[in-house]
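Enquirer: Give the three-dimensional model of this entry:
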Amino acid sequence: MITIRKANQRGHADHGWLNTWHTFSFADYYDPAQMGYSSLRVINDDRVAPGGGFPTHGHRDMEIVTYVLSGALEHQDSMGNGTVIRPGEVQRMSAGSGIRHSEFNASASDEVHLLQIWIEPARSGITPSYEQTVFDTAEKLGRLRLIASPDGSDGSVTIHQDAKLYAALLDPEHPAEHVLPPGRRAYLHVARGAATLNGRELAAGDGARIEGESGLRLESGSSAEILLFDLA
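Expert: Below you'll find the predicted structure:
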């Protein structure tokens, strides 16, 4: 079964410096029917204006994955990390027993567009940690490239949960397929462009809950960038 949720059904807030869409309940957006999906708790589709950003704030017991689509995001945290995240890079921060961090647009002229993803960890109170990895465009073209997993396999960042996150770039000559093992479910998010999932049409910002589907085929008549969550 595939259940599609259109982009305009998400929660939305425009703060001037931040234009954000919430797939699941977050901040002032609350919908009891949209509290997450399996261990996937947050997908925030954020556009941060030049000079804007999130001042230092705290997190606990959450696996936070940041995926930059355009622009550059400057990160600093209480673990001593100070980095800039650009398209093609994936950042994973395990908040565990507690961390503080800030995120700002690293450009004085260009918007940064990012997805921030929260996944609930399998256990609480772990030691906070940080990881950042680059994935080449060619690795994602017509292929679901593993970018986050419980064991860090295939060069993916490590998350402390039975969940796998894949990214893919699609075009008419480069579809992608995924086999969903029995008993598992998935969530698809279209980050950019337009795609079809088993013949169902989705546009940028659309999402799909997937259950009881053993085979997934992803195609695009133009171009698309998608994220697929394989969940327990």
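
Enquirer: Every contact and neighbour count from this point should use C-alpha atoms.
Expert: Fine.

Enquirer: and the spatially most central residue of the chain, what is it in contact with?
Expert: Centroid-nearest residue in the chain: residue 117, 4.4 Å away (criterion: CA atoms, centre = their mean). Contact partners of residue 117, counting by CA atoms under 8 Å, 6 or more residues apart in numbering, are 40-44, 64-66.

Enquirer: what do you get if the cut-off is 10 Å, keeping everything else the same?
Expert: Each residue near residue 117 by CA atoms under 10 Å, 6 or more residues apart in numbering is listed here: 40-45, 62-67, 92.

Enquirer: Need the max-distance pair from those residues.
Expert: 45 and 62 (17.8 Å; CA to CA).

Enquirer: what's the average pLDDT for stretch 80-89?
Expert: Averaging pLDDT along stretch 80-89 gives 96.

Enquirer: quick one on the thing from earlier: which of the residues in the helix or strand encompassing the residue nearest to the centre of the chain are buried?
Expert: Assigning secondary structure by DSSP states H and E places residue 117 in strand 112-119. For strand 112-119, a neighbour-count test (16 or more other CA atoms under 10 Å) marks 112-119 as buried.

Enquirer: who does whichever helix or strand comes after it touch, helix- and strand-wise?
Expert: Next along the chain after strand 112-119, taking DSSP H and E as the criterion, comes strand 129-134. Identification of packing neighbours for strand 129-134 by 3 or more CA pairs under 10 Å, 6 or more residues apart in numbering; DSSP states H and E yields strand 63-70, strand 82-85, strand 89-94, strand 145-149, strand 157-158.

Enquirer: circling back: looking at residue 45 and residue 62, which is more packed in?
Expert: Between residue 45 and residue 62, counted using other CA atoms under 10 Å, the more crowded position is residue 62 (26 against 22).

Enquirer: what's near enough to touch the more buried one?
Expert: 41, 93-98, 117-126, 128, 159-160.

Enquirer: Would you show me how to pick out the buried ones of those residues in PyMOL?
Expert: In PyMOL, this line selects whichever of the contacts of residue 62 come out buried by 16+ other CA under 10 Å:
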select buried, resi 41+93+94+95+96+98+117+118+119+120+121+126+128+159+160
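
Enquirer: which sections of this structure are below the confidence cut-off?
Expert: The chain contains no residues with pLDDT under 70.

Enquirer: so where do the helices sit in it?
Expert: Counting by DSSP state H, residue ranges of the helices within the chain are 137-140.

Enquirer: so what are the domain limits for it?
Expert: Using automatic domain parsing, the domain ranges for the chain come out as 11-134, 137-231.

Enquirer: Among those domains, which comes closest to residue 2?
Expert: Taking the domains of the chain one by one with CA to CA, domain 137-231 is closest: 4.7 Å.
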